[in-house]
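In: got a sequence here, can you build the structure:
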Amino acid sequence: MLHFFKFSEDIPNPVAARPIYKSGPVLSGAPEECPPLRAANSFGWDIVAAFDMNFKNNDGNWEITNPVEIESDWEFGSTDPDDSTEGSPITQRNAWFWEEDQVLPHVIHKDVYKEIKNQVKVSTFLFIKTDPNELLYMCDLPNQKRPYRALSALLDTDWYPASYPWHCVLELSDDEKEITIKEGTPICRLYTVRRDQYFAREMTPEEFGNFFNRSQEWLKRYGKGEQEDMTDITGQYVKQQKNSRFSVIL
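Out: Numbering: from 1, shown residues only. The predicted structure is shown next:
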């Protein structure tokens, strides 16, 4: 399970992903009609932008023109029971870039900076943890063409107690002069995966024979048209498909 706590109550919750993101009618043969693509589109939760973000490219140097910094609506104080110091809210920016000559939280070599200066870290404003042996996969929205992309990351949220809201890293296209991301736009995808050992093995000829025969039987049962020609399976895959469901408990 994905467990989250919001930096502020005004921050949007994660939302269940959707099978279709394209606006307007979906025509026959469009990628949005393909059941496996729709299943991928709707697998996970979307993190949406909490604020409008406008980025400008000044000869390869990106900047955010409308940064936002908010206060937590809860107070941070000492965990020492003998410390009577009153707590206070903490602040968080919505987006920030890597810094040239950066030292903290880790050093960035000058040659590396040239390659990542078009990357912006965008706060989810969410403290996140998962159940034991569950990792959090963060990635771009599948099958979407945008002038930016979220870099993929696998987060050890079952044991790493991050004391800050997680952020995603967006890589902005240097082909663009300006990129605007509206409030409410999905910026990255989250889903949980098990920490486990996974295997791949080639089928034996007998196993493949059984597999192939089963596939031919399926086509005979559900396909339309002459069997010696290309078989029409329109609507059959989706009728038998069992998609995962993602919900946010309020």
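In: name the SS class of the residue positioned nearest the centre of the chain, please.
Out: Centroid check for the chain by C-alpha atoms, centre = their mean gives residue 189 as the closest residue, at 1.6 Å. Look at residue 189: counting by DSSP: H, G, I helix; E, B strand; the rest coil, its state is strand.
In: can you check residue 37 too?
Out: With three-state DSSP as the basis, residue 37 sits in helix.
In: for it, give me its contacts.
Out: Contact analysis of residue 37 by C-beta atoms under 8 Å, 6 or more residues apart in numbering lists 31, 142-143. Any C-beta I mention is one placed from the backbone N, CA and C, and that applies to glycine too.
In: next one: residue 14
Out: Here residue 14 is in contact with 2, 4, 45-47, 126, 190, 248 (criterion: C-beta under 8 Å, 6+ apart).
In: same check, this time on residue 45
Out: Here residue 45 is in contact with 2, 14-17, 189-191, 246, 248 (C-beta under 8 Å, 6+ apart).
In: now do 10 Å
Out: 2, 4, 13-17, 186, 188-192, 246-248 (C-beta atoms under 10 Å, 6 or more residues apart in numbering).
In: which one of those residues is nearest to residue 134?
Out: residue 192 (4.8 Å; C-beta to C-beta).
In: isn't that closest one up against residue 4?
Out: No: judged on C-beta atoms under 10 Å, residue 192 makes no contact with residue 4 at a distance of 11.8 Å.
In: among the contacts of residue 37, name the buried ones.
Out: residue 142 (16 or more other C-beta atoms under 10 Å).
In: closest to residue 21 among the contacts of residue 37?
Out: Within the contacts of residue 37, proximity to residue 21 (C-beta to C-beta) peaks at residue 143, which comes in at 8.1 Å.
In: look at the closest one and give its secondary structure.
Out: When classified by three-state DSSP, residue 143 comes out as coil.
In: longest single strand anywhere in the chain?
Out: Looking across the chain with DSSP state E, the single longest strand is strand 119-130.
In: surely residue 250 touches residue 4?
Out: No: contact between residue 250 and residue 4 fails when scored by C-beta under 10 Å: they sit 11.8 Å apart.
In: anything in contact with each of the two?
Out: With C-beta under 10 Å, 6+ apart, residue 250 and residue 4 have common neighbours residue 13.
In: neighbour count winner among those two?
Out: residue 4 (21 against 4; other C-beta atoms under 10 Å).
In: so that one bridges to which residues?
Out: Note on residue 4: beta-bridge partners residue 128, judged by DSSP bridges.
In: coming back round to it: can you pick out the most distant pair from the contacts of residue 45?
Out: Distance extremes for the contacts of residue 45: the farthest pair is 188 and 247 at 18.7 Å, using C-beta to C-beta.
In: for the two, indicate the residue with more neighbours.
Out: Per other C-beta under 10 Å, whichever of residue 188 and residue 247 has more neighbours is residue 188, with 26 against 7.
In: quick one: list the elements packing against the longest helix anywhere in the chain.
Out: In the chain, assigned by DSSP state H, the helix with the most residues is helix 205-222. The contact analysis (3 or more C-beta pairs under 10 Å, 6 or more residues apart in numbering; DSSP states H and E) places helix 205-222 against helix 236-240.
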